[in-house]
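A.B. asks: whatever this is, show me its structure:
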Amino acid sequence: MSRDLRSEVFTVIRNAVRVGKESVDVKKSKLILAIVKILKQEGYLRDYREIDDGKQGIIRIYLRYTPDKKCVLTDIQPVSTPGRRVYVKKDDKIKVLSGYGIAIISTPQGILTDREAKKRKLGGEYICKVW
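C.D. replies: You can find the predicted model right below:
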(Lines give C-alpha, C1' and ligand atoms only; values in the text may rest on other atoms or scores of the structure.)
Protein backbone atom coordinates (compact mmCIF):
# COMPACT_ATOMS: atom_id res chain seq x y z
CA MET A 1 0.00 0.00 0.00
CA SER A 2 1.49 3.34 -1.01
CA ARG A 3 1.22 6.35 1.22
CA ASP A 4 0.71 9.92 0.14
CA LEU A 5 2.84 11.86 2.63
CA ARG A 6 1.63 15.22 1.28
CA SER A 7 -2.04 14.44 1.93
CA GLU A 8 -1.23 13.07 5.38
CA VAL A 9 0.63 16.25 6.31
CA PHE A 10 -2.19 18.45 4.99
CA THR A 11 -4.68 16.44 7.06
CA VAL A 12 -2.54 16.78 10.20
CA ILE A 13 -2.35 20.56 9.69
CA ARG A 14 -6.11 20.88 9.04
CA ASN A 15 -6.92 18.85 12.16
CA ALA A 16 -4.53 20.95 14.28
CA VAL A 17 -6.21 24.13 13.02
CA ARG A 18 -9.67 22.77 13.84
CA VAL A 19 -8.77 21.98 17.47
CA GLY A 20 -6.71 25.16 17.96
CA LYS A 21 -3.27 23.64 18.56
CA GLU A 22 -0.26 25.97 18.72
CA SER A 23 2.10 23.56 16.95
CA VAL A 24 2.10 20.26 15.12
CA ASP A 25 4.84 17.75 14.23
CA VAL A 26 5.08 16.16 10.78
CA LYS A 27 7.57 13.82 9.10
CA LYS A 28 10.36 15.61 7.28
CA SER A 29 10.89 15.43 3.53
CA LYS A 30 12.35 17.89 1.04
CA LEU A 31 8.96 18.54 -0.52
CA ILE A 32 7.16 19.09 2.80
CA LEU A 33 9.97 21.39 3.98
CA ALA A 34 9.69 23.47 0.79
CA ILE A 35 5.91 23.74 1.21
CA VAL A 36 6.29 24.79 4.86
CA LYS A 37 8.85 27.45 3.88
CA ILE A 38 6.39 28.90 1.35
CA LEU A 39 3.58 28.89 3.91
CA LYS A 40 5.81 30.81 6.34
CA GLN A 41 6.87 33.32 3.65
CA GLU A 42 3.24 33.91 2.70
CA GLY A 43 2.28 34.54 6.34
CA TYR A 44 0.18 31.44 6.98
CA LEU A 45 2.55 30.04 9.64
CA ARG A 46 4.25 31.71 12.58
CA ASP A 47 7.41 29.60 12.32
CA TYR A 48 8.79 26.11 11.83
CA ARG A 49 11.72 24.16 13.23
CA GLU A 50 13.56 21.11 11.97
CA ILE A 51 14.14 18.47 14.65
CA ASP A 52 16.60 15.60 14.30
CA ASP A 53 15.15 12.39 15.71
CA GLY A 54 17.89 10.06 14.46
CA LYS A 55 15.66 8.80 11.66
CA GLN A 56 13.89 10.72 8.91
CA GLY A 57 13.53 13.91 10.94
CA ILE A 58 10.59 15.98 12.08
CA ILE A 59 9.33 19.43 11.18
CA ARG A 60 7.57 21.24 14.02
CA ILE A 61 5.12 23.71 12.52
CA TYR A 62 3.93 26.64 14.64
CA LEU A 63 0.50 27.81 13.49
CA ARG A 64 -0.28 31.51 13.31
CA TYR A 65 -3.37 32.91 15.04
CA THR A 66 -5.00 36.35 15.01
CA PRO A 67 -5.51 38.21 18.32
CA ASP A 68 -9.10 36.88 18.47
CA LYS A 69 -7.79 33.27 18.31
CA LYS A 70 -8.66 32.51 14.66
CA CYS A 71 -6.07 30.63 12.65
CA VAL A 72 -4.68 32.50 9.63
CA LEU A 73 -4.51 29.24 7.65
CA THR A 74 -8.16 28.37 7.07
CA ASP A 75 -7.71 25.32 4.84
CA ILE A 76 -5.14 23.46 2.77
CA GLN A 77 -6.36 21.08 0.05
CA PRO A 78 -4.28 18.70 -2.07
CA VAL A 79 -4.94 18.92 -5.81
CA SER A 80 -2.46 16.46 -7.31
CA THR A 81 -2.42 12.94 -5.87
CA PRO A 82 -0.33 9.85 -6.66
CA GLY A 83 -3.26 8.40 -8.62
CA ARG A 84 -4.14 11.61 -10.44
CA ARG A 85 -1.38 14.08 -11.18
CA VAL A 86 -2.56 17.56 -12.13
CA TYR A 87 -0.29 19.80 -14.17
CA VAL A 88 -0.62 23.45 -15.12
CA LYS A 89 0.94 25.26 -18.05
CA LYS A 90 2.71 28.57 -17.75
CA ASP A 91 -0.30 30.36 -19.27
CA ASP A 92 -2.99 28.68 -17.12
CA LYS A 93 -4.89 30.98 -14.80
CA ILE A 94 -5.19 29.67 -11.25
CA LYS A 95 -7.50 31.47 -8.86
CA VAL A 96 -7.77 30.19 -5.31
CA LEU A 97 -10.67 31.76 -3.43
CA SER A 98 -10.93 34.61 -5.97
CA GLY A 99 -7.28 35.54 -5.47
CA TYR A 100 -7.26 35.50 -1.65
CA GLY A 101 -5.52 32.12 -1.44
CA ILE A 102 -2.40 30.69 -3.02
CA ALA A 103 -1.60 27.65 -5.12
CA ILE A 104 1.67 25.76 -4.62
CA ILE A 105 3.27 24.39 -7.77
CA SER A 106 6.28 22.10 -8.25
CA THR A 107 8.28 23.59 -11.14
CA PRO A 108 11.67 22.77 -12.68
CA GLN A 109 13.07 25.66 -10.61
CA GLY A 110 11.65 24.33 -7.34
CA ILE A 111 8.46 24.64 -5.32
CA LEU A 112 6.81 28.02 -5.99
CA THR A 113 3.55 29.85 -5.43
CA ASP A 114 1.27 30.36 -8.42
CA ARG A 115 2.18 34.06 -8.55
CA GLU A 116 5.91 33.39 -8.55
CA ALA A 117 5.57 30.64 -11.19
CA LYS A 118 3.53 32.99 -13.40
CA LYS A 119 6.14 35.72 -12.98
CA ARG A 120 8.92 33.31 -14.02
CA LYS A 121 6.72 31.87 -16.82
CA LEU A 122 6.84 28.31 -15.47
CA GLY A 123 4.36 25.47 -15.30
CA GLY A 124 4.46 22.27 -13.29
CA GLU A 125 2.60 19.96 -10.96
CA TYR A 126 -0.24 21.62 -9.05
CA ILE A 127 0.43 20.38 -5.50
CA CYS A 128 -2.14 22.14 -3.34
CA LYS A 129 -4.25 25.20 -2.72
CA VAL A 130 -4.17 27.19 0.51
CA TRP A 131 -6.44 29.84 1.98
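A.B. asks: from now on I want contacts and neighbour counts done on CA atoms only, so please keep to that.
C.D. replies: Will do.
A.B. asks: could you point out the longest helix in the protein?
C.D. replies: Secondary structure of the chain per DSSP state H: the longest helix is helix 5-19.
A.B. asks: next structured bit after that helix?
C.D. replies: Later in the chain than helix 5-19, the nearest helix or strand by DSSP states H and E is strand 23-27.
A.B. asks: now do whatever helix or strand comes next after that following strand: which elements does it pack against?
C.D. replies: Counting by DSSP H and E, the next helix or strand C-terminal to strand 23-27 is helix 30-41. Applying 3 or more Cα pairs under 8 Å, 6 or more residues apart in numbering; DSSP states H and E, one finds that helix 30-41 contacts strand 45-51, strand 110-113.
A.B. asks: identify whichever of these lies nearest to residue 77.
C.D. replies: Closest approach to residue 77 among those is made by strand 110-113 (14.3 Å; Cα to Cα).
A.B. asks: for that closest one, buried residues please.
C.D. replies: Residues 111, 112, 113 are the ones in strand 110-113 that count as buried (16 or more other Cα atoms under 10 Å).
A.B. asks: reformat those residues as a markdown table; add pLDDT and distance to residue 84.
C.D. replies: Shown next, in a markdown table, are these (pLDDT from 0 to 100; distance: Cα to Cα, whole Å):
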| residue | pLDDT | distance to residue 84 |
| --- | --- | --- |
| 111 | 98 | 19 |
| 112 | 97 | 20 |
| 113 | 97 | 20 |
